[in-house]
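Engineer: here are the coordinates; sequence isn't available:
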């Protein structure tokens, strides 16, 4: 008869909306997702008092054996109770697509998502967030590099990053995630993430034990946190109003040196210095004056963009300058080393 995706909010029975609870009661069969997030310790005890006949759905059932659920939904009212909001996790989106292909009606009951909750409680501006990324429960440096590249791309655009931490096997803690990520950052030369980098840690949101704090990475390791689920925000450069909100839950004095570090800045500054040095070396060749002034104008543009905070265009401008100097070296026979 149909498939109902029911968003249950942030993992506690009390977080479910009235509509979500009523729809769960109506289902002929209710599957409870135990794969994509973590439920509170007493969730199933309280759920069983109102919905006695439910089935815990693990990854195998929701992904490999999902056809069993779809077959039942042909002639029964089948519900999938989902932590958070139903289609934030790609697992549920895939089930929805399969149901559509089989002409099974789908109904959606929305719930509170960790994405909106973490952004909201952090006080950081929602329109300044870039692509979120999940940190896997692994110390594999190559897999962690993928996470770091996403953060780096966001920081390069002046955007904050929400790190969703793996919920498998009781969940990844913020301490373990940051230990692995800082190790990977050091290995790959990504100095923008280190023990002094300021992060926002959100632990067990939606629970009376929830905790939110902004602090340097090295202080996270000594800070007591409730058990997972955890998530982390790596802020980019802050607006003054963002700093004001963060000061309401953190005693940290926000140092610009450790907040919003754009990983492209050092590269731009290095390239500008090199170009200025080469231009100074070649200035003794008057026959190249017009050409060198043309190169110098690109270096000037790079510095102007940089001062305005437009690091992307600054990098593009200095790239043109470097290209022209390399072309001069090949065509005119001048000799210099970067």
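Structural biologist: Good, I have the coordinates. It should be emphasised that the depicted structure is a prediction, and the values quoted were computed from it without experimental measurement. Numbers count the residues shown, from 1 in each chain.
Engineer: so which bits of the longest helix belonging to the chain are buried?
Structural biologist: For the chain, the helix with the greatest residue count under DSSP state H is helix 311-332. By 16 or more other CB atoms under 10 Å, the buried positions in helix 311-332 come out as 311, 314, 315, 317, 318, 320, 321, 322, 324, 325, 328, 329. (Glycine included, C-beta is placed from N, CA and C.)
Engineer: separation between the third one and residue 306?
Structural biologist: Spatial separation of residue 315 from residue 306 under the definition CB to CB, to the nearest Å is 9 Å.
Engineer: what's the answer for the fifth one, then?
Structural biologist: The gap separating residue 318 from residue 306 is 9 Å, by CB to CB.
Engineer: shared neighbours, those two?
Structural biologist: 268, 272 (CB atoms under 8 Å, 6 or more residues apart in numbering).
Engineer: would you list every one of the helices in this structure?
Structural biologist: Ranges of helices in the chain, per DSSP H, are 18-26, 43-48, 59, 66-73, 90-101, 114-122, 141-156, 174-187, 217-220, 240-246, 263-282, 289-307, 311-332.
Engineer: out of those helices, which is closest to residue 128?
Structural biologist: Nearest of the helices of the chain to residue 128, taken as CB to CB: helix 240-246 at 8.0 Å.
Engineer: dump the buried residues of helix 311-332 to CSV, plus pLDDT and distance to residue 95.
Structural biologist: Below are those laid out as CSV (pLDDT from 0 to 100; distance: CB to CB, whole Å):
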residue, pLDDT, distance to residue 95
311, 81, 41
314, 92, 46
315, 89, 42
317, 95, 48
318, 94, 48
320, 93, 49
321, 94, 52
322, 93, 50
324, 92, 55
325, 91, 56
328, 85, 60
329, 86, 59
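Engineer: which among the residues you listed gets closest to residue 285?
Structural biologist: Using CB to CB, the buried residues of helix 311-332 come closest to residue 285 at residue 328, 10.0 Å.
Engineer: just to revisit the earlier point, nearest to residue 79, of the helices of the chain?
Structural biologist: Using CB to CB, the helices of the chain put helix 18-26 closest to residue 79, at 5.9 Å.
Engineer: just the residues contacting that closest one, thanks.
Structural biologist: Contacts with helix 18-26, where a contact means CB under 8 Å, 6+ apart, come from 4, 6-9, 16, 30, 47, 50-51, 77, 79, 81, 107, 109, 111.
Engineer: apply 10 Å and report the result again.
Structural biologist: For helix 18-26, contacts defined as CB atoms under 10 Å, 6 or more residues apart in numbering pick out 4-9, 13, 16-17, 30, 32, 47, 50-51, 54, 77, 79, 81-82, 107, 109-111.
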